[in-house]
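Enquirer: sequence? don't have it. structure:
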């Protein structure tokens with residue numbers, strides 16, 4: 001009798017931790033890797049609906065740890081702990097069922113090539129966008145080949161090194177075969193083209209005798225000696241109306257020119273920027289609106305060209321105002 005009683009008491013522990021729906025909601029809304037496929041409210045989109053599910057915790061846990069579709073396998077070490085999964089299961093179970101699922105977050109374009117359609121149909125586009133813009137930057141910065149890409153897809157949680165928490169799990173080669181993965185890689189490298197991970201950051205303006213000085217740092221975030229080099233770069237900072245350039249630094253400075261929208265821009269040209277390199281430019285402006293004298297900018301480069309023959313560029317956001325000292 002005592003043995004039966006002990007077994008009954010231990011049964012809930014064997015089934016897994018108790019779920020907290022409130023904690024599950026917080027996790028769901030802060031990690032849109034789930035909602036990209038299953039919908040903001042678990043209504044289903046690319047992935048099945050989860051709202052109002054009637055799965056046991058063991059069934060829900062298995063679907064996360066050993067999914068039977070194209071969903072990646074999420075691990076307790078790098079993605080979701082068992083307690084996280086229990087919380088998500090409790091939150092989804094608390095939601096009302098829906099009559100019909102929503103549309104895919106990223107649909108297959110009508111003119112998509114076979115490789116492009118395969119990429120989206122296997123779920124990659126639901127999180128990474130229709131043309132995999134950021135993964136193509138990462139691959140370009142790594143000087144990547146197919147073996148690198150394969151490791152990122154099949155063994156993502158270990159290939160990403162010591163990062164504490166990852167949004168993506170590990171895809172199964174039986175659900176996403178290597179032959180399909182190679183077609184996706186060919187779309188990224190041949191049809192779309194790998195990118196150079198150029199970054200640009202404008203500092204908040206600093207007041208001085210000549211006016212307000214802004215600092216722009218242009219970097220190639222690729223791995224030195226491995227990543228791609230950007231060639232023939234044009235750096236443009238958009239000026240606010242009625243400001244004047246009082247000073248600048250950088251031998252590549254070309255002066256003030258008007259862009260396609262007839263706005264005045266301060267322009268630098270540089271021949272190349274290799275992986276791991278950076279350039280720092282300053283621009284001092286004067287006038288009534290000097291404190292907000294730089295409203296943004298862009299960086300374009302002529303090579304390498306993208307798969308469709310166009311050139312790549314990066315929009316640079318306007319600087320945030322300097323915080324007052326406390």
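Expert: Alright, I've got the coordinates. No experiment lies behind these values; they were computed from the predicted model shown.
Enquirer: find the nearest non-adjacent residue to residue 123, please.
Expert: In space, and not counting its chain neighbours, residue 123 is closest to residue 70: 5.2 Å by CB to CB, 6 or more residues apart in numbering. (Each C-beta comes from the backbone N, C-alpha and C, glycine too.)
Enquirer: and for residue 292?
Expert: Nearest residue to residue 292, sequence neighbours excluded (CB to CB, 6+ apart): residue 240, at 5.8 Å.
Enquirer: what's the neighbour count on the one you found?
Expert: Using other CB atoms under 10 Å, residue 240 is surrounded by 18 other residues.
Enquirer: is it true that it touches residue 291?
Expert: No: using CB atoms under 8 Å, residue 240 is not in contact with residue 291, being 9.3 Å away.
Enquirer: if we can go back for a sec, report pLDDT for the residue nearest to residue 292.
Expert: As predicted, residue 240 sits at a pLDDT of 91.
Enquirer: ditto for residue 33
Expert: Note on residue 33: pLDDT of 86.
Enquirer: about what we covered before: where does the residue nearest to residue 123 land in three-state SS?
Expert: coil (DSSP: H, G, I helix; E, B strand; the rest coil).
Enquirer: using the three-state scheme, assign the residue positioned nearest the centre of the chain.
Expert: The centre of the chain sits closest to residue 134, judged by CA atoms, centre = their mean, with a distance of 5.6 Å. With three-state DSSP as the basis, residue 134 sits in helix.
Enquirer: and the residue nearest to residue 123, how many residues sit next to it?
Expert: 17.
Enquirer: do the same with residue 238
Expert: Look at residue 238: counted by other CB under 10 Å, it has 18 neighbours.
Enquirer: distance of the residue lying closest to residue 143 once chain neighbours are set aside relative to residue 142?
Expert: Spatially, and ignoring its direct neighbours in sequence, residue 143 is nearest to residue 226 (3.7 Å; CB to CB, 6+ apart). For residue 226, the distance to residue 142 equals 6 Å [CB to CB, to the nearest Å].
Enquirer: okay, those two: which has more neighbours?
Expert: Using other CB under 10 Å, the more surrounded residue of residue 226 and residue 142 is residue 142, with 19 against 12.
Enquirer: quick one, phi psi at the more buried one?
Expert: Torsion angles at residue 142 (phi, psi; degrees, to the nearest 10) stand at phi -90, psi -10.
Enquirer: low pLDDT regions in this structure?
Expert: Within the chain, the stretches with pLDDT under 70 are 1-15, 321-326.
Enquirer: quick one: the strands in it?
Expert: Under the criterion DSSP state E, the chain contains strands at 198-202, 206-207, 212-220, 230-239, 244-248, 253-258, 264-273, 278-286, 294-303, 312-316.
Enquirer: contacts for the last one next, please.
Expert: Spelled out, that is strand 312-316. Strand 312-316 has contacts (CB atoms under 8 Å, 6 or more residues apart in numbering) with 195-196, 198-202, 216, 230, 237, 296-301, 304, 306.
Enquirer: which among those count as buried?
Expert: Neighbour-count burial (16 or more other CB atoms under 10 Å) applied to the contacts of strand 312-316 gives 195-196, 198, 200, 202, 216, 230, 237, 296-301, 304.
Enquirer: of the residues you listed, closest to residue 44?
Expert: For those, the closest approach to residue 44 (CB to CB) belongs to residue 195, at 32.4 Å.
Enquirer: could you chop the protein up by domain?
Expert: Following automatic domain parsing, one gets these domains for the chain: 13-94, 114-192, 198-316.
Enquirer: off-centre distance for the first one?
Expert: Going back to what we said before, that points to domain 13-94. 22 Å (CA atoms, centre = their mean, to the nearest Å).
Enquirer: residue 303 contacts residue 233, doesn't it?
Expert: No: using CB under 8 Å as the test, residue 303 is too far from residue 233 to be in contact (9.7 Å).
Enquirer: neighbour count winner among these two?
Expert: Set residue 303 next to residue 233 and count neighbours by other CB under 10 Å: residue 233 wins out with 24 against 14.
Enquirer: from residue 250, how far off is the nearest residue to the more buried one once chain neighbours are set aside?
Expert: The shortest distance from residue 233 to any non-neighbouring residue, by CB to CB, 6+ apart, is to residue 301 (4.5 Å). Residue 301 sits 16 Å away from residue 250, going by CB to CB.
Enquirer: run a quick neighbour tally on the closest residue to residue 96 other than its chain neighbours.
Expert: Nearest non-adjacent residue to residue 96, counting by CB to CB, 6+ apart: residue 52, 5.6 Å away. By other CB under 10 Å, 14 other residues sit near residue 52.
Enquirer: for residue 52, list the residues it contacts.
Expert: 42, 92-93, 95-98.
Enquirer: go again with 6 Å.
Expert: Each residue near residue 52 by CB atoms under 6 Å, 6 or more residues apart in numbering is listed here: 95-97.
Enquirer: now the residues you listed as JSON lines including neighbour count and distance to residue 171?
Expert: Formatted as JSON lines, these follow (neighbours: other CB atoms under 10 Å; distance: CB to CB, whole Å):
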{"residue": "95", "neighbour count": "18", "distance to residue 171": "27"}
{"residue": "96", "neighbour count": "9", "distance to residue 171": "31"}
{"residue": "97", "neighbour count": "12", "distance to residue 171": "29"}
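Enquirer: no further questions, thank you.
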